[in-house]
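Chemist: Quick check, what structure comes out for this input:
(4 chains)
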2 protein chains.
Amino acid sequence: MQIALTAAVRCAECPIRHRAVCARCDDDELSLLEGMKTYKTFKAGQPILWRGDDLVFVASVVQGVAALSKTLEDGRTQMVGLLLPSDFIGRPGRGQIDFDVTATTDVTLCCFDRKPFEKLVDDTPHVAHRLMELALDELDAARDWMLLLGRKTAREKIATFIQMFVRRTHTDEQAAGPDQFNMPMTRDQIANYLGLTLETVSRQFNSLKKEGVISFGDRKTFTVVDMAALHNATGDDADGGMID
Amino acid sequence: MQIALTAAVRCAECPIRHRAVCARCDDDELSLLEGMKTYKTFKAGQPILWRGDDLVFVASVVQGVAALSKTLEDGRTQMVGLLLPSDFIGRPGRGQIDFDVTATTDVTLCCFDRKPFEKLVDDTPHVAHRLMELALDELDAARDWMLLLGRKTAREKIATFIQMFVRRTHTDEQAAGPDQFNMPMTRDQIANYLGLTLETVSRQFNSLKKEGVISFGDRKTFTVVDMAALHNATGDDADGGMID
DNA sequence: GCATGAGGTTGATCTGGATCAAAGAATTTG
DNA sequence: CAAATTCTTTGATCCAGATCAACCTCATGC
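Modeler: Sure, this is the predicted structure:
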């Protein structure tokens, strides 16, 4: 699950601010982790963890995008979470996960052995508290997504996805300009996230483009032209949008 | 959210075992809460909490069924959680909720003021730890449901729902016999849970009945005749079923 | 440069569930 | 127990999105 971990405010080499450890964490706590971190990289498309795998490490996403997904017997799959930089992989107190984690783009993880990390959690109540908060955030996001999957139209799903993606992304270094973003996922991956097919995703993207709500650069870059119209298309009321 | 709270192993008047406090809780901790609990009852259909409400109490469901749900601007709604006896309402550290809680049947809650409850949580690390576990269970359940909402057919949704309901219910006092259960929800409520319409729910129920997988008593009672066939119809593999 | 392959678009057709409609149970009310 | 109300079933029709099928457009490699 992606509760944001984080080693540290002062985790020097990582360009992200790990999120599992809060601002109140002092140097002593952080330095406990400082010595034991390792980096792992994965190529786009590579599996990071399989369902049922032993969780030997926990990690923050430093670079790239990873996906949590579940699969039915006959191969239909559904993404159940999206991991962006600073998001966390691993569940405090659990040795296993019930979904697959796959690299969507090339991914760099900042990893810590699970055991010492859990000791840190056990020894520092406010870190445990922080992890609880993050789990609850995840739960909120999952429930927003349930509403999307169960009741929204294809158009609303796409609009909601773009809005969510923009909100989670636009303070990051990967932002290419004002309201302009890199879309690191293929149509197929987006379809898996939204419970649609890739053809429907393509059609809806292009229909929003035709209406002047968004526009594409080189297909990896897109710009939200009319943020109000985009929000209008989500089906959400006033400001109750997805944050995940 | 329904992480199971619980006052106690020895919470004498409640016929349930509250779940937020674990077996390791000793008498001293429990007695902290013992003095401050109150019971609230709600009629079927009554709202228990509205989205955005201040959370002045946390509570365990003692009797009946309640639902968490979210609503779009135009009124479409999606249930995002089902609260059965011993489930918990309230989120440690949060003063607000982002969904509505409604009584599905007549409901009795065992309530505690939020503030003293949170003090108990803060003072007893293993209770906090238990709550974290419960939040993670919820998250797993929410993700299972995302798979259901995004990728399952109507038939698979109904089969999964019955299986889930049976699993969560069949040790309870409300079980009417072996594999026989009371269904406390209307077709409409089930539809809202599964992202379907009430007509489709009715048709699928009757088609499973016609095939001899389940049978009805007086429409509030149903029996799973062929558990294997039911599981077969869920689309899940081997034993990776919903637990929620 | 051309070949190869991965991703994306676009069109035609099909279909699972939604929607619309009406007629039964069951339960509650008076 | 008749009337009203709330649920449920069942049928007919419709349509959003899936499916099937080309074709297009980039990258990347040789």
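
Chemist: Now do the same contact list for the residue lying closest to residue A:76 once chain neighbours are set aside.
Modeler: Nearest residue to residue A:76, sequence neighbours excluded (Cβ to Cβ, 6 or more residues apart in numbering or on different chains): residue B:151, at 4.5 Å. From N, CA and C alone the C-beta is placed, and that goes for glycine too. The contact partners of residue B:151, by Cβ atoms under 8 Å, 6 or more residues apart in numbering or on different chains, come to A:72, A:76, A:77, A:78, A:195.

Chemist: a strand runs through the fourth one, doesn't it?
Modeler: Yes - Residue A:78 forms part of a strand when assessed by DSSP: H, G, I helix; E, B strand; the rest coil.

Chemist: what pairs with it across the strands?
Modeler: Here residue A:78 sits in beta bridges with residue A:70, going by DSSP bridges.

Chemist: Pretty sure it sits against residue A:192.
Modeler: Yes - under the contact definition of Cβ atoms under 8 Å, residue A:78 touches residue A:192, with a separation of 6.5 Å.

Chemist: shared neighbours, these two?
Modeler: Joint contacts of residue A:78 and residue A:192 (Cβ under 8 Å, 6+ apart) are residue A:69.

Chemist: Residue A:111: how many residues sit nearby?
Modeler: Neighbourhood size, residue A:111 [other Cβ atoms under 10 Å in any protein chain shown]: 20.

Chemist: and if you look at residue A:212?
Modeler: Quick note: residue A:212 (other Cβ under 10 Å) scores 10 neighbours.

Chemist: Find the nearest non-adjacent residue to it, please.
Modeler: Nearest residue to residue A:212, sequence neighbours excluded (Cβ to Cβ, 6+ apart): residue A:225, at 5.7 Å.

Chemist: With residue A:68 instead?
Modeler: The nearest residue in space to residue A:68 (Cβ to Cβ, 6+ apart) is residue A:81, at 3.7 Å.

Chemist: What's the separation between that neighbour and DNA strand D?
Modeler: 20 Å (Cβ to the nearest atom of the strand, to the nearest Å).

Chemist: quick one: contacts of whichever strand or helix holds that residue?
Modeler: Using DSSP states H and E, residue A:81 sits within strand A:77-83. Contact partners of strand A:77-83, identified using Cβ under 8 Å, 6+ apart, comprise A:1-2, A:61, A:65-71, A:89, A:99, A:101, A:104, A:138, A:141-142, A:145, A:149, A:189, A:192-193, A:195, A:244, B:143, B:146-147, B:150-151.

Chemist: Looking at the contacts of residue B:151, which is nearest DNA strand D?
Modeler: residue A:195 (6.4 Å; Cβ to the nearest atom of the strand).

Chemist: Neighbours of that closest one, how many?
Modeler: So residue A:195, with other Cβ under 10 Å, has 24 neighbours.

Chemist: Next, residue A:47: phi, psi?
Modeler: Phi and psi for residue A:47, reported as degrees, to the nearest 10, are phi -70, psi 140.
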